[in-house]
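Undergrad: just the structure for this:
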Amino acid sequence: MTASPSKPIRNPFKNAQILVIDEGQSTLVSSKGKTQITQGPDLTTLPGKSSGPVVVIDLAARTELAYAPMAEYTQAEVLGGLALDASAYTNKRENSEIYLGAVPTVSDQGETAALLGYITRTSYATLGQDIQRAGLRMTALIPGLAVAAQALLPDGIGTFLVEVYKEAYTVLLLEDGKILGRVRDYYRSDNPAQDVKKSLDALAKSEMLQEVQRVVLLGDPTLSEDVRITLLQEIPDIEVLTFSPTSLAHALHQTGALFAIRGKAESQATKASWWPLVAGVALGLLPYGILSALNAGTSRQLQQTRDQIAAIQPQLAEGRTLESEIARVRDVKAKAAAITDSRVDWQRALADLVGQLPQNGGQPTALFTRMTTDLPAPVAPTIPASTPAADGTTTTPVVTPIPAPSIPLPTYQLEFKAASRAAANALITNLEQTYVLDTQTLTRNPDGSWRIQANATTKPESTPPAATTATSETP
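TA: Numbers count the residues shown, from 1 in each chain. The predicted model follows:
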């Protein structure tokens, strides 16, 4: 005996008249698929005569979505407790002003959760009056994300479902027929499309989804198009789709919605004594103790994260110690390099000086009779600075860049004896090529030789010095 197949769940919106409202216009789709579009947000501009009940899809941020962890309950318990009128289960005045809809799901931690949609009674009544002036009667209000998610969940593909508005955006994480999480954020820059793209990059790296294959957009049409173009340009290997108002209406006709928000007169949901806790989790209206109990799953996840952080503290401390030691070694090496690189190569310096003596027939025609030298102190290297570590408990030295060492330039006090005036002139010419020369005296000795006294300072080198050849004595 074979089991009979289960009956498919009836779609209550299959033959409904649907009105999709957004900031710029509204779209009315009949049960037969006929479409009428307003010429602005005023519903009275719908072409033709409209009448009868209508299901409203919200693309104008009239409704809010929340994601509540409910690890203590099974999905059947959540489903049995779905109540669309929160005031029936709480004495809080704040809750009495809210209409609520919800659907159970499973979080990325594998625990029971619920996606909730809600709207204040005042906003619900105001919207209903606006729709009534157009000749229509609102029977249910459905967030656009609840319609799109219902259409996308069956194929199980890892999806970021993104609803964008002018000031904020909401992302639902869908995979394997489950809503694994919800993220809502505000734009951080004047480029909303890039903000959304960065947020999706971060969510993809968090690995909440096993594999992200698709991004689906809805909401503000201009922003949706900007985000779509940005994603296609920067992430070309991912599928990017967009739900238009008309395609959302068709999706509601074909697959229904996760849930619908109804006014008090429309709400016939089963009452459950624990359901006000769900509303409290979503809207933040319950005492801390109850929230702590309901958020046990989240608390366990936070504790696991804290335990992981505590476990790696020794490695982090060792890493900070190594970074400090590396900085100290770099400091020592920088100081040593500054000292080494600023030393004068006296062998080369004296060879350069002797090489300036003029020659005649391979024999020098001028000789040193006295030579002393002065050496200015080298430029001291920059002292490394210290900055506090991020945790505020340690100080990590940071070696600031040290400029190229300043090699001191020797200054010589020289006295020469030249065999002739020509030899003296040749010597002076040679010295002026390499040194800043200050000739003090040039006198003739009784034996016909010439005595020269001068101060010579080495010229700084901007390019590698070329080999110099001493000028020969001119006869």
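Undergrad: quick one, helices of the stretch 151-300 of the chain?
TA: Along the stretch 151-300 of the chain, the segments classed as helices by DSSP state H, counting those that start in this stretch run 192-205, 221-234, 245-255, 275-283, 288-294, 296-311.
Undergrad: out of those, which gets the lowest mean score?
TA: Note on these: helix 288-294 shows the lowest mean pLDDT, a mean of 38.
Undergrad: list the contacts of residue 413.
TA: With contact set as C-beta atoms under 8 Å, 6 or more residues apart in numbering, residue 413 has these partners: 370-374, 455. Heads up, the C-betas are built off the backbone N, CA and C, glycines and all.
Undergrad: quickly find the element holding it.
TA: Residue 413 is part of strand 411-418 when elements are defined by DSSP states H and E.
Undergrad: what's the mean pLDDT across that strand?
TA: Strand 411-418 comes out at a mean pLDDT of 89.
Undergrad: what pairs with it, parallel or antiparallel?
TA: Applying DSSP bridges to the sheet, strand 411-418 is found paired with strand 366-374 (antiparallel), strand 450-458 (antiparallel).
Undergrad: pick the most deeply packed of those strands.
TA: strand 450-458 (a mean of 18; mean count of other C-beta atoms under 10 Å).
Undergrad: tally of neighbours for residue 330?
TA: For residue 330, the count of nearby residues is 15 (other C-beta atoms under 10 Å).
Undergrad: in three-state terms, label it for me.
TA: Here residue 330 is helix, with the state taken from DSSP: H, G, I helix; E, B strand; the rest coil.
Undergrad: go on, residue 437?
TA: Assignment for residue 437 (three-state DSSP): strand.
Undergrad: just to check, it is in contact with residue 428?
TA: Yes: in this structure, residue 437 is within contact of residue 428 by C-beta atoms under 8 Å, at 6.8 Å.
Undergrad: buried set for the helix or strand where residue 56 lies?
TA: Assigned by DSSP H and E, residue 56 falls within strand 52-59. Of all the residues in strand 52-59, those buried under the rule 16 or more other C-beta atoms under 10 Å are 54-59.
Undergrad: stretch 184-200 too?
TA: In terms of neighbour count (16+ other C-beta under 10 Å), stretch 184-200 has its buried residues at 187, 192-197, 199-200.
Undergrad: what about that stretch, how long is it end to end?
TA: End-to-end span of stretch 184-200 (C-alpha to C-alpha, to the nearest Å): 12 Å.
Undergrad: got the contact list for it?
TA: Stretch 184-200 has contacts (C-beta under 8 Å, 6+ apart) with 65, 160, 162, 164, 167-171, 183, 212, 215, 223, 226-227, 229-231, 234-235.
Undergrad: if we go to 7 Å?
TA: Residues outside stretch 184-200 that contact it (C-beta atoms under 7 Å, 6 or more residues apart in numbering): 160, 162, 164, 167-171, 215, 223, 226-227, 230-231, 234.
Undergrad: now do it: distance to the chain's middle.
TA: Average the C-alpha atoms of stretch 184-200, do the same for its chain, and the two points are 10 Å apart (C-alpha atoms, centre = their mean, to the nearest Å).
Undergrad: how close does the most centrally placed residue in the chain get to residue 232?
TA: In the chain, the centroid-proximal residue (C-alpha atoms, centre = their mean) is residue 198; its distance is 6.0 Å. With distances taken as C-beta to C-beta, to the nearest Å, residue 198 is found 16 Å from residue 232.
Undergrad: again, but for residue 454
TA: For residue 454 relative to residue 232 (C-beta to C-beta), the value is 77 Å.
Undergrad: per the annotation, how does the chain divide into domains?
TA: If you go by automatic domain parsing, the domain ranges for the chain are 18-310, 342-375+410-475.
Undergrad: list the buried residues in the following helix or strand past the strand holding residue 413.
TA: Next helix or strand after strand 411-418 toward the C-terminus (DSSP H and E): helix 421-434. Neighbour-count burial for helix 421-434 flags 422-428, 430-431, 434 (criterion: 16+ other C-beta under 10 Å).
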